[in-house]
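Q: what's the 3D shape of this:
(one chain, ligands or ions: 1)
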Amino acid sequence: MRAVVTEAYGSPPVLRDVPEPKPGPGELLVRVRASSLNAFDLSVAGGMAKGMMEHRFPVILGRDFAGTVEALGEGAKLFAAGDAVFGVVAKTVLAEGGFAELVTVPEATGVALIPRGMDAVQAGALGVAGLAALASVSAIEPRAGQVVLISGATGGVGSFGVQLATRRGTQVIATARPGEAEDFVRDLGASDVVDYVTGVGLQVRALRPGGVDAVLHFAGDATVLADLIVPGGRLATTLGLGHDQFAGRDLTAVAVMAEPAEPALNGLAAVVAQRLLRVPITRTYALDEVPRAFAEFAGTLGKAAVVIV
Ligand SMILES: NC(=O)c1ccc[n+]([C@@H]2O[C@H](COP(=O)([O-])OP(=O)(O)OC[C@H]3O[C@@H](n4cnc5c(N)ncnc54)[C@H](OP(=O)(O)O)[C@@H]3O)[C@@H](O)[C@H]2O)c1
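A: Just a heads-up that it's a prediction; the model follows:
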């Protein structure tokens, strides 16, 4: 089958013919229809996951997937052949991925049915970024009327985060460059926009002199952002927390991991199917164009989808 792989730590993504995978016990074999790029895929291709996760080269890239169940491994019983499914390739070893014609995934983790009303391309761009955004918004426990600053609002996680935060009744201040990116985040629901290139501090203080109630940190300098939060406020970050990064500050900081648990995937899919949450795909690539998609990832607004068949 065709797949986009990295062949060694730091080796650039290339399209290759690789052996078809076989489902192990408790696994599903999925014929992949669509996937999407995430910052994680760039980290793996760049060799940055070395030492953090076991790699079995060639590593097939792509964490997201959507497609059709083709076969079931021994003992797998939660899904049936022909089911339309999506999710996150939630394996601890880096070997298989969604940038391929077939992928095997454990049926118990990171897989859910695509609901009626949602197409496979949308589903393939939902997993990692949608789950990270959902977990981040939950971590700041936003209440209606509060003000939330979202740094990195233009990216994959941020574009879901803006929508999920505004759906909770909060007022969102989003970071974006002027022009197309600003229009993009306003369209998702941001009520105010600050240009991160010229520095967010003064702009946020001008909008909200007393500070914001919470920050979602998906990019930028977290300590600068923490200075903009009211005493007792909250910060959630997908970039991890350094030891003592916020020591001595009157705020609750949470490092978020996108856990591919099935209830969260189902919840996300349901709100997309009801057209209450949009999968903001702005670029679409065929499988053989994925190496170019990696090169174009910086500067992509929202999600870059990969359509395999
Ligand atoms: N912990 C987890 O489970 C988890 C899950 C998913 C993602 N993540 C992490 O979360 C982060 C965001 O992921 P993503 O997929 O959304 O990445 P992304 O699509 O690259 O989004 C990052 C966005 O931030 C913008 N940006 C760059 N520098 C900025 C700055 N100084 N201030 C404000 N915005 C800035 C970028 O805009 P430009 O295009 O203008 O540069 C881009 O739109 C990544 O670091 C990723 O590794 C973690």
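
Q: can you list the residues of the stretch 51-200 of the chain near the ligand?
A: By C-beta under 6 Å from any ligand atom, the residues of the stretch 51-200 of the chain that approach the ligand are 128-129, 132, 151-152, 154-158, 175, 177, 196. Heads up, the C-betas are built off the backbone N, CA and C, glycines and all.

Q: now do the residue in the chain positioned nearest to the ligand, the pLDDT please.
A: Distance from the ligand to each residue of the chain (C-beta to the nearest ligand atom) is smallest for Gly155, at 1.8 Å. Looking at Gly155, its pLDDT is 98.

Q: from what I see, it and Phe218 are in contact.
A: Yes - Gly155 is in contact with Phe218 according to C-beta atoms under 8 Å; the separation is 6.0 Å.

Q: between those two, which has more neighbouring residues?
A: Taking other C-beta atoms under 10 Å, Gly155 and Phe218 do not tie; Phe218 has more neighbours (28 against 25).

Q: so who does that one touch?
A: Taking C-beta atoms under 8 Å, 6 or more residues apart in numbering, we find Phe218 in contact with Ser136, Ile150, Ser151, Gly152, Ala153, Gly155, Val157, Gly158, Gly161, Thr237, Thr238, Leu239.

Q: ends of stretch 271-281, how far apart?
A: 16 Å (C-alpha to C-alpha, to the nearest Å).

Q: in stretch 46-60, what counts as buried?
A: Residues Ala49, His55, Pro58, Val59, Ile60 are the ones in stretch 46-60 that count as buried (16 or more other C-beta atoms under 10 Å).

Q: related to what we said a few turns ago, now, which of the residues of the stretch 51-200 of the chain next to the ligand lie within helices?
A: Per DSSP state H, helices hold the following members of those: Val128, Ala129, Ala132, Gly156, Val157, Gly158.

Q: which residue is the nearest non-sequential neighbour of the third one?
A: In space, Ala132 comes closest to Ala258 once its chain neighbours are excluded; the distance is 3.9 Å by C-beta to C-beta, 6 or more residues apart in numbering.

Q: ok, now Val290?
A: For Val290, ignoring the flanking residues on the chain, the nearest one in space by C-beta to C-beta, 6+ apart is Val4 at 4.3 Å.

Q: that neighbour: which element?
A: strand 2-6 (DSSP states H and E).

Q: which strands and helices sit next to that strand?
A: Here strand 2-6 is seen to pack against strand 14-17, strand 59-60 when contacts are counted using 3 or more C-beta pairs under 8 Å, 6 or more residues apart in numbering; DSSP states H and E.

Q: nearest to Ala76, of those strands?
A: strand 59-60 (20.7 Å; C-beta to C-beta).

Q: strands paired with that closest one, and their directions?
A: The sheet places strand 59-60 alongside strand 2-6 (antiparallel), with pairing taken from DSSP bridges.

Q: which residue ranges make up each domain of this structure?
A: 2-126+279-307, 129-255 (automatic domain parsing).

Q: can I get the ones you listed in CSV including distance to Leu268?
A: Converted to CSV, the domains of the chain look like this (distance: least, C-beta to C-beta, whole Å):
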stretch, distance to Leu268
domain 2-126+279-307, 6
domain 129-255, 5
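
Q: so Ala125 sits against Tyr285, correct?
A: No - applying C-beta under 8 Å, one finds Ala125 not in contact with Tyr285, separated by 11.3 Å.

Q: touching both of the two, which residues are there?
A: Going by C-beta under 8 Å, 6+ apart, residues that sit against Ala125 and also against Tyr285 are Ala304, Ala305.
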